[in-house]
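K.L.:
Predicted structure and sequence below. I'll ask about it afterward.
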Amino acid sequence: MKTLILIPTELEAVALRRLWPDAPIRITGVGMAETAAHTARIIVNEHPDRLLMVGIAGAYRKSMRIGEVYAVAREKIHDIPEHFFTAYESTWTLDGFPTGNSNTTNGIGLPDAGSDLENMEGAAFMAVCCALGVPCAELRAVSNYTDDPYESWHTDEAVEALAQAVVKVLRS
């Protein structure tokens, strides 16, 4: 089965490349537009059987620990008016991880709107995968709380935890 790992930035891929040098990683870029474009191109050109989006995320809830990895069950674009609202759901179940719902945003620190996490790519990724019929899943490692200033993010810790989680998923 051909599984590809999509990651927004090289910074988020470093630990996985160290743990698994031949990991089938594709960098998508940051934000919804870049992620949608790269995801569509990858599907059309590489014909994967399934895609796994991984990256860091902000947590809305202080009960969520820094470095904890969540399987995202549902994504929505945070600032779309309710009458245009669409939720995108994972179509590949990842066992062994706590699950959470996520807002995809163009910024940080927005109100939770009923979600557990925030990121900048997930809804675009899931929308393209669902539209093109490719099974998809998403893992996010908590690097910060949504109200934390960037200087206090724990990116290295989150990226390490994320890499270990990806290896666990793909070797199981």
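P.N.:
Good, I have the coordinates. Model, not experiment: these values are computed from the prediction. Numbers count the residues shown, from 1 in each chain.

K.L.:
Give the helix, strand or coil label for the most centrally placed residue in the chain.
P.N.:
Centroid-nearest residue in the chain, with CA atoms, centre = their mean: Val54, separated by 4.1 Å. Look at Val54: counting by DSSP: H, G, I helix; E, B strand; the rest coil, its state is strand.

K.L.:
Surely it and Ala137 touch.
P.N.:
No. At 9.2 Å, Val54 does not count as touching Ala137 under the criterion of CB atoms under 8 Å. Where C-beta positions appear, they are placed from N, C-alpha and C, glycine not excepted.

K.L.:
Bridge partners for the residue nearest to the centre of the chain, pull those for me.
P.N.:
Leu139 (DSSP bridges).

K.L.:
Which pLDDT value belongs to it?
P.N.:
On pLDDT, Val54 comes in at 98.

K.L.:
next one: the one 3 residues further on
P.N.:
In this prediction, Ala57 carries a pLDDT score of 96.

K.L.:
Now do the helix or strand where Ala37 lies, average pLDDT.
P.N.:
Using DSSP states H and E, the element containing Ala37 is helix 32-46. For helix 32-46, the mean pLDDT works out to 97.

K.L.:
And the residue nearest to the centre of the chain, how close does it get to Glu82?
P.N.:
Going from Val54 to Glu82 by CB to CB, to the nearest Å gives 29 Å.

K.L.:
Equivalent analysis for Arg140, please.
P.N.:
Arg140 sits 24 Å away from Glu82 when distances are taken as CB to CB.
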